[in-house]
Every structure is written in structure tokens, then in C-alpha cells.
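In: Sequence first, then the predicted structure, then my questions.
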Amino acid sequence: MARATIHDVARTAQVSLATVDRVLNNRGGVAAKSVKKVHDAVVRTGYVKDQFAANLSRGNGYRFVFLLPAGQSAFVRKLIAEIARESDLNRKDRVHIDIRSSKTFDPVSQVASLRQIDPETTDCAAVIVSDVPQVRAELTRLRAAGVRIVSLVADVQAEARDIYVGPNNEVAGRMAGQFMGRLIREPVGSVLVIAGSLAARDHAQRLLGFRQVLQNDFAGLTLLPVVEGFDDAARIADLVARTLDAMSPVGIYAIGAGNAGLVAALRRANSAFRPVTIAHESTDATREGLRDGLIDLVIDQDPGRAVTRAVRLMRDMADKQTVPPARGEIPLSIIIKESLS
């Protein structure tokens with residue numbers, strides 16, 4: 001049986017080819033009665049959109065922007081490598097990806113970078129930004145201008161993006177809290193939490209989940225005032241060293257990046273009782289910490305999976321397809337010393 005074509009749909013619906021094209025590509029300007037006739041004809045004929053032909057008709061192809069934090073943290077380097085790989089894999093489908101950056105945890109820089117995204121030449125943008133009013137306002141402006149927004153790794157409020165691609169960060173924090181309480185032999189004492197910036201929604205959500213578990217299940221553990229390391233290894237090394245000297249915490253939870261500084265401080269510490277330490281993301285630094293017994297456990301999200309998922313969703317959104325929120329969910333995994341290859 002021959003595959004149904006757009007001509008079959010037009011003939012069955014008794015409308016023009018131009019009307020069918022406008023309905024199938026959500027271009028508007030078609031009466032509701034005609035829209036229903038086209039949709040009914042699609043069902044009756046079994047028409048399936050030829051995506052390759054649709055790609056050819058796009059002219060400039062797919063035009064995507066990834067806006068990442070500046071600097072070269074290990075996690076950002078992994079994201080950049082994965083985006084480059086996806087760009088190569090999708091080049092045959094005329095997918096063009098532009099990687100840009102803004103200063104880490106700096107809303108002013110993020111707003112400036114968002115304002116440089118041209119709606120006339122951008123279909124979708126995947127962004128890692130702070131969840132603050134001025135940044136959300138720029139994301140909302142871009143959406144109103146026709147740019148579909150993916151919040152990547154760190155979410156923002158729903159009205160400022162189309163879909164979130166990343167893990168459930170509150171769950172990640174709760175996982176860290178449970179492991180922290182169970183790994184400390186006698187869960188009594190203080191715990192140091194190192195965030196990148198609490199203006200980053202993923203860090204704030206991880207802290208929320210972590211704090212809830214300690215309060216509910218491990219009341220003997222108390223949080224020291226949260227410190228912000230801004231993912232800077234040197235700053236984190238200094239913060240950890242000073243805390244270890246002054247407070248002797250029984251646990252350390254590193255929410256963000258810059259963990260080379262954490263590992264360096266733990267290595268230099270002259271303490272017979274090393275704190276139970278939990279970090280995020282599998283990087284050279286955290287794997288080194290695991291191998292050397294300085295870090296007990298790492299909660300990892302797969303940046304390769306997140307980037308692949310983001311690109312697929314961006315293509316679907318550019319093609320006017322519906323993307324349910326569940327498609328953006330990225331699972332978490334646990335890494336311990338014994339699981340290292």
C-alpha cells in the first residue's frame with residue numbers, strides 16, 4: 001500500500017495544499033472548520049509527516065544556541081564536548097549549534113548574553129542561568145519573540161521556559177542527606193555545605209532536600225552556615241581548610257563544582273577523623289577523591305544524556321511538536337570507590 005502524501009490529505013479534506021501545509025506546520029491563518037477537516041483527513045489517510053522532507057523545506061535548517069557558564073569547570077568542559085559531538089551527529093540534518101557563555105552565577109552577564117540571542121536567527125536556546133527576576137524577564141521576552149527555551153541542568157520558573165532538561169535536584173539533595181546520615185557512624189555533629197550560588201535553582205533545591213532529610217531523620221546533625229564557593233576551586237580550598245581547622249565538621253556536602261579545591265583541602269587536612277564527604281558530578285577531581293578515600297560518594301547526572309535529550313527536544317519544538325515535561329527528566333546515579341573502572 002502506497003504511503004499517504006500531503007496531496008491525499010488535501011484531496012480527502014477538500015482543501016488546498018497551502019491550507020494543509022499551514023495546518024500541519026501550525027502557521028495559523030486557517031479557519032477552525034478547515035483545521036478540523038485537515039486533522040480528520042490525516043487520521044483517515046494515515047498520513048505521517050516526512051521529517052527529512054520537512055528538514056529540507058526549513059531553508060536555514062535548525063538554529064540552536066547553548067548558553068553555558070563561562071570558565072572551564074570540569075562539568076562545563078564535559079557539556080561542551082557533548083554539545084560538539086551532538087553537533088557533528090546532527091549536521092546531516094542541517095542542525096546548527098552555537099555555544100555561547102556568560103559569567104558564572106552573574107545575572108547581569110547572563111542578561112547581556114540573552115539579549116545577544118537574535119530571535120530572527122534562533123529557533124531554540126538551551127540555557128544554564130540563575131533563577132532571578134531579571135533573567136526570567138529576558139527568557140520571557142525571547143519566548144514571546146518565538147524562541148523556545150530549554151532550561152538545562154538548573155531549572156527556572158515554568159513561565160520563563162518551555163521545558164526543563166535535567167535531574168530532580170531536590171531528590172538529589174534528599175539522596176545526599178540520607179547517605180550522609182547513614183555513612184556517619186554516630187550522626188551527631190556539624191555538617192558543612194558548600195554551594196556554588198544559592199541563586200542557582202539547582203543548588204537551592206539540593207540544599208532544600210538535604211536540609212529536610214537531616215531535620216526529619218538525623219536530628220543530631222546540624223548544618224553550619226552555608227558557604228558559597230562560586231565553583232571556584234581556590235576559593236573552595238580555602239573555605240574548606242578554614243572550616244576543618246575551626247569547626248571539625250563530621251560531614252561535608254559539596255553541592256556544586258570546583259571540587260578540585262575540596263579534594264586538595266581534604267588531602268592537606270591533619271585530622272585523624274576525616275569528615276564523610278559527598279559531592280556531585282563524575283569528574284577527574286571527584287574520581288580522584290573517591291579513589292584516594294577523600295570522597296565517600298558522588299551523585300552523578302549524565303551530561304551526555306542531558307545534551308542529547310536537549311537537542312532532540314529542541315528539534316521537536318522547532319518542528320512545532322508537543323513535548324511533555326517527562327521527556328526532560330534525567331536520572332541520577334551513585335558512584336562509589338568500588339564502582340570506578
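Out: Looks like it came in fine.
In: Name the SS class of residue 23, please.
Out: Using DSSP: H, G, I helix; E, B strand; the rest coil, the three-state assignment for residue 23 comes out as helix.
In: Enumerate every residue touching it.
Out: Residues in contact with residue 23 (Cβ atoms under 8 Å, 6 or more residues apart in numbering) are 30, 34-35, 38-39. From N, CA and C alone the C-beta is placed, and that goes for glycine too.
In: Show me how to select, in ChimeraX, the buried members of these.
Out: A single ChimeraX command selects the buried members of those (16 or more other Cβ atoms under 10 Å):
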select :30,34,35,38
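In: Can I take it that residue 96 is in a strand?
Out: Yes - counting by three-state DSSP, residue 96 is found in a strand.
In: Could you export the contacts of residue 23 to JSON lines, including columns for secondary structure?
Out: Shown next, in JSON lines, are the contacts of residue 23 (three-state DSSP):
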{"residue": "30", "secondary structure": "coil"}
{"residue": "34", "secondary structure": "helix"}
{"residue": "35", "secondary structure": "helix"}
{"residue": "38", "secondary structure": "helix"}
{"residue": "39", "secondary structure": "helix"}
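In: Redo the contacts of residue 23 as a markdown table? Include distance to residue 140 and pLDDT.
Out: Output for the contacts of residue 23, formatted as a markdown table (distance: Cβ to Cβ, whole Å; pLDDT from 0 to 100):
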| residue | distance to residue 140 | pLDDT |
| --- | --- | --- |
| 30 | 28 | 82 |
| 34 | 32 | 88 |
| 35 | 28 | 86 |
| 38 | 32 | 87 |
| 39 | 30 | 86 |
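In: Farthest-apart pair in the contacts of residue 23, please.
Out: Using Cβ to Cβ, the two most remote members of the contacts of residue 23 are 30 and 39, lying 10.9 Å apart.
In: Could you point out which residue ranges in the stretch 1-150 of the chain have low pLDDT?
Out: Along the stretch 1-150 of the chain, the parts satisfying pLDDT under 70 run over 1-2, 25-28, 48-60.
In: what about the helices in it?
Out: Counting by DSSP state H, counting those that start in this stretch, the segments of the stretch 1-150 of the chain that form helices are 6-13, 17-24, 32-45, 51-57, 74-90, 107-115, 133-144.
In: Turn those into TSV, including distance to residue 254.
Out: Shown next, in TSV, are the helices of the stretch 1-150 of the chain (distance: least, Cβ to Cβ, whole Å):
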stretch	distance to residue 254
helix 6-13	55
helix 17-24	49
helix 32-45	52
helix 51-57	43
helix 74-90	12
helix 107-115	23
helix 133-144	24
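In: Now flag whichever of the contacts of residue 23 is closest to residue 9.
Out: Closest approach to residue 9 among the contacts of residue 23 (Cβ to Cβ): residue 38, at 6.5 Å.
In: Make sure that closest one is actually in contact with residue 15.
Out: Yes - between residue 38 and residue 15 a contact is recorded at 6.4 Å, counting by Cβ atoms under 8 Å.
In: what distance separates stretch 270-287 from the centre of its chain?
Out: Once both centres are worked out by Cα atoms, centre = their mean, to the nearest Å, stretch 270-287 turns out to sit 23 Å from its chain's centre.
In: In PDB, please show the C-alpha coordinates belonging to stretch 178-194.
Out: Coordinates of each C-alpha in stretch 178-194 appear next as PDB, following Å, rounded to 0.1, in the frame of the first residue of the first chain:
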ATOM      1  CA  GLN A 178      20.200  10.000  53.500                       C
ATOM      2  CA  PHE A 179      23.600   8.800  52.600                       C
ATOM      3  CA  MET A 180      25.300  11.400  54.800                       C
ATOM      4  CA  GLY A 181      23.200  10.300  57.800                       C
ATOM      5  CA  ARG A 182      23.800   6.700  57.200                       C
ATOM      6  CA  LEU A 183      27.500   6.900  56.500                       C
ATOM      7  CA  ILE A 184      28.400   8.800  59.700                       C
ATOM      8  CA  ARG A 185      28.800   6.200  62.300                       C
ATOM      9  CA  GLU A 186      27.300   8.300  65.100                       C
ATOM     10  CA  PRO A 187      25.200  11.000  63.300                       C
ATOM     11  CA  VAL A 188      25.900  13.800  65.800                       C
ATOM     12  CA  GLY A 189      27.800  17.000  64.900                       C
ATOM     13  CA  SER A 190      28.000  19.700  62.300                       C
ATOM     14  CA  VAL A 191      27.900  19.400  58.500                       C
ATOM     15  CA  LEU A 192      29.500  21.900  56.100                       C
ATOM     16  CA  VAL A 193      27.500  22.600  52.900                       C
ATOM     17  CA  ILE A 194      29.400  24.200  50.000                       C
END
